[in-house]
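**Student:** Fold the following, please.
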Amino acid sequence: MPKRFSYLISAFFILAAAYILYDNYDDVAAPPNWTAAADQIVEQSWAEDKPGGVVVVYHNGEKVYEQARGLANFETKEMLTTDHVFRLASLTKQFTAATILTLAEEGKLDLDASIDAYVPNFPLQEKTVTVRQLLTHTSGLFSYTNLPNLMDFWDKEHSTQMLLDLTKDKEFVTEPGARYAYNNTGYTLLGAIIENLTDKSWHQAVLDRLATPHKITSLNTGLEEANTALMASGHTKTKDGFSRETMFHMSIPHAAGALISTAEDMAKWQEALHTGQVLQRRMYQQMISPMTLTDGEVSDYGFGLGISEIQGVRSYEHSGGIPGFATYALYVPDARVNVVVYTNGGLDSWTPSDTARAIAALAMEQPFDRGEAVAFNADQQGHHLGVYLNERGRAMALMMVEGQLTLGLGGEQGFKQPLTYVGDGRFETSALTWLEIRPDADGKSAMHLHSSGAMEPRIYYKKPDEEKAQN
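**Tutor:** I've put the predicted structure just below:
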């Protein structure tokens with residue numbers, strides 16, 4: 001999905017000449033041949049006869065790997081290619097954020113000013129919400145995508161004002177700045193700010209300011225899908241196979257998720273953004289910095305980018321999900337590795353984040369280790385089974401389903417992922433997620449869940465009644 005700034009050509013080249021690589025990254029030696037292993041991951045991620053996905057990898061600024069597998073259209077059996085265009089979903093947010101930052105560079109807005117200076121018709125209920133808080137999902141506003149009746153109107157065209165009206169009378173979820181809570185209303189408000197300051201639609205401003213100067217030629221608004229050559233069809237699973245997604249109106253995601261592009265153009269964008277070609281250094285540093293909340297806690301989200309790690313090496317990442325499509329993009333600055341994964345509905349056990357992070361680790365020459373399966377003895381290890389809860393009450397169920405070890409996301413009735421036991425209380429999915437069951441310092445049975453290969457686990461404790469029963 002497109003976003004661009006209009007600069008005079010001469011001014012653009014003067015600025016470009018002045019830019020330097022933000023972290024003065026040196027070229028990192030290319031690892032030994034890893035593409036065969038990457039091909040195996042792609043084959044595990046998508047079947048050839050179902051909706052599939054594409055992968056593009058850059059290293060040291062050069063494309064070193066691309067692969068497409070599966071169907072662009074389940075009905076016509078058209079095969080996917082790396083030239084197909086996909087919905088970006090929330091990858092759109094980094095384009096929205098970068099556009100806002102160019103306006104800040106030009107002195108047209110203050111990141112720490114209250115947004116009522118730029119969208120005066122949006123009621124703030126006597127609270128102060130800053131542009132920075134919109135960018136970092138810390139505004140406390142109610143997100144319109146959490147409305148229980150969302151599906152009742154998501155097939156209808158909505159203007160910017162109509163989208164803002166959906167939640168203008170909703171109570172704040174938290175005080176501004178108090179907590180990170182993913183928020184699509186916030187990014188729609190950023191789109192409204194862009195429109196008010198540029199006198200253009202938010203997506204035209206993105207195209208003029210970002211896509212055109214950096215030759216991101218396929219970036220566009222999803223409102224143009226019908227006029228886009230090689231537009232992949234989105235799909236949802238049905239009991240009979242797959243159906244094409246045709247109901248969702250692309251005005252609904254707005255500046256939070258309404259752009260489209262090829263995977264290669266997304267990779268080109270990441271190269272431009274993270275090597276000093278788009279923003280002034282001080283603005284870029286703010287974009288990739290975590291937000292400190294009012295209680296001193298620090299979130300792991302910048303401006304339209306998640307701040308993460310792969311095998312202990314810092315990375316900037318984001319996922320996207322929208323009817324029919326899922327996406328993932330990451331950039332590892334110290335390794336100069338840049339990976340983009342798009343899928344048009346062929347999700348199975350591998351998510352786009354699993355695929356992207358596994359292939360990035362290969363390109364970094366630090367592949368994720370996999371354990372060897374061992375027999376699970378219910379008499380000896382059965383005490384690991386049960387329902388575990390995190391601090392917010394979210395459940396994970398470790399259980400046997402028809403003789404298969406299974407992880408129930410959200411609890412026993414949630415989405416089920418098969419598991420393999422590899423010994424010492426460790427269980428693995430077929431992709432990158434793994435978990436360990438071990439006691440904490442107080443002797444309580446705890447599930448340490450590492451999603452998509454994350455080094456830092458999320459902790460879930462066995463339900464007190466189950467823990468008590470076992471003791």
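**Student:** for V340, what are its contacts?
**Tutor:** 55-57, 263-264, 266-267, 270, 327-329, 356 (C-beta atoms under 8 Å, 6 or more residues apart in numbering). No exception for glycine: its C-beta is placed from N, CA and C like everyone else's.
**Student:** got CSV for these, with pLDDT and neighbour count too?
**Tutor:** Converted to CSV, these look like this (pLDDT from 0 to 100; neighbours: other C-beta atoms under 10 Å):
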residue, pLDDT, neighbour count
V55, 98, 28
V56, 98, 26
V57, 98, 25
A263, 98, 28
E264, 98, 19
M266, 98, 28
A267, 98, 22
Q270, 98, 22
T327, 98, 29
Y328, 98, 27
A329, 98, 27
A356, 97, 28
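**Student:** Among these, name the ones in helices.
**Tutor:** Counting by DSSP state H, the members of the contacts of V340 that fall within helices are 263-264, 266-267, 270, 356.
**Student:** I41: which of the contacts of V340 is nearest?
**Tutor:** When the contacts of V340 are ranked by distance to I41 (C-beta to C-beta), V55 comes first, at 8.3 Å.
**Student:** Give the bridge partners for the closest one, please.
**Tutor:** Here V55 shows beta-bridge partners Q67, V341, assigned using DSSP bridges.
**Student:** Next up, the contacts around it.
**Tutor:** So, once contact is read as C-beta under 8 Å, 6+ apart, V55 ends up touching 38, 42, 65-68, 263, 339-341, 355-356, 359.
**Student:** Can you give me the distance of it to R69?
**Tutor:** Plainly put, V55 is 9 Å away from R69 if you go by C-beta to C-beta, to the nearest Å.
**Student:** got any residues that touch both of the two?
**Tutor:** V42.
**Student:** G321 against T92, yeah?
**Tutor:** No: the criterion here is C-beta atoms under 8 Å, and G321 misses it with T92 at 11.8 Å.
**Student:** out of these two, which sits in the more crowded spot?
**Tutor:** Between G321 and T92, counted using other C-beta atoms under 10 Å, the more crowded position is T92 (35 against 16).
**Student:** can you count the residues close to S451?
**Tutor:** For S451, the count of nearby residues is 19 (other C-beta under 10 Å).
**Student:** Pull out the buried positions in the strand ranked longest in the chain.
**Tutor:** Ranked by residue count under DSSP state E, the longest strand found in the chain is strand 313-322. By neighbour count, and taking 16 or more other C-beta atoms under 10 Å as the criterion, the buried residues in strand 313-322 are 313, 315-322.
**Student:** I would like the residues contacting stretch 361-373, please.
**Tutor:** Stretch 361-373 is contacted by residues 31-32, 34, 37-38, 41, 57, 59, 64-65, 310-311, 313, 332, 335, 337, 339, 357-358, 420-423, 426, 428, 432, 434, 453 when judged by C-beta under 8 Å, 6+ apart.
**Student:** residues contacting the spatially most central residue of the chain?
**Tutor:** Among the residues of the chain, the smallest C-alpha distance to the mean C-alpha position (C-alpha atoms, centre = their mean) belongs to S319, namely 1.2 Å. Under the criterion of C-beta under 8 Å, 6+ apart, the contact partners of S319 comprise 89-90, 306, 326-328, 352-353.
**Student:** Mind putting these into a markdown table with distance to R392?
**Tutor:** Supplementary listing: these in a markdown table, determined by distance: C-beta to C-beta, whole Å:
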| residue | distance to R392 |
| --- | --- |
| A89 | 24 |
| S90 | 21 |
| G306 | 19 |
| A326 | 24 |
| T327 | 26 |
| Y328 | 24 |
| P352 | 25 |
| S353 | 21 |
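**Student:** farthest pair in the residues you listed?
**Tutor:** Looking at those by C-beta to C-beta, the two members farthest from one another are G306 and A326, with 15.3 Å of separation.
**Student:** out of the two, which sits in the more crowded spot?
**Tutor:** Relative neighbour count places A326 above the other of G306 and A326, with 24 against 16, counting by other C-beta under 10 Å.
**Student:** Surely that one is in contact with W350?
**Tutor:** No: the pair A326 and W350 fails to qualify as a contact (C-beta under 8 Å) at a distance of 10.8 Å.
**Student:** who touches T185 in this structure?
**Tutor:** 139, 141-145, 164, 166-167.
**Student:** can you tell me which of the residues you listed are in strands?
**Tutor:** Reading strands off the contacts of T185, I find no matches (DSSP E).
**Student:** ok, those residues vs A178, which is closest?
**Tutor:** Nearest to A178 among these: S139, at 10.0 Å, using C-beta to C-beta.
**Student:** Look up the closest residue to that closest one, ignoring the ones flanking it.
**Tutor:** The spatial neighbour of S139 that comes closest, neighbours along the chain excluded (C-beta to C-beta, 6 or more residues apart in numbering), is Q133 at 4.3 Å.
**Student:** Just the helices from the protein, written as ranges.
**Tutor:** Counting by DSSP H, the chain forms helices over residues 9-18, 35-45, 92-105, 131-135, 150-153, 160-165, 184-198, 202-206, 254-257, 263-274, 281-287, 352-363, 378-381, 464-470, given from the N-terminal end onward.
**Student:** Compute the inter-axis angle for the third one and helix 184-198.
**Tutor:** Compare the direction of helix 92-105 with that of helix 184-198 by axes from the mean of the first three to the mean of the last three C-alpha atoms, to 10 degrees and you get 40 degrees.
**Student:** elements contacting helix 92-105?
**Tutor:** If contacts are counted by 3 or more C-beta pairs under 8 Å, 6 or more residues apart in numbering; DSSP states H and E, helix 92-105 sits against helix 131-135, helix 184-198, helix 202-206, helix 254-257, helix 263-274, helix 281-287, strand 313-322.
**Student:** same thing but 10 Å
**Tutor:** Taking 3 or more C-beta pairs under 10 Å, 6 or more residues apart in numbering; DSSP states H and E as the contact definition, the neighbouring helices and strands of helix 92-105 are helix 131-135, helix 184-198, helix 202-206, helix 254-257, strand 259-261, helix 263-274, helix 281-287, strand 313-322.
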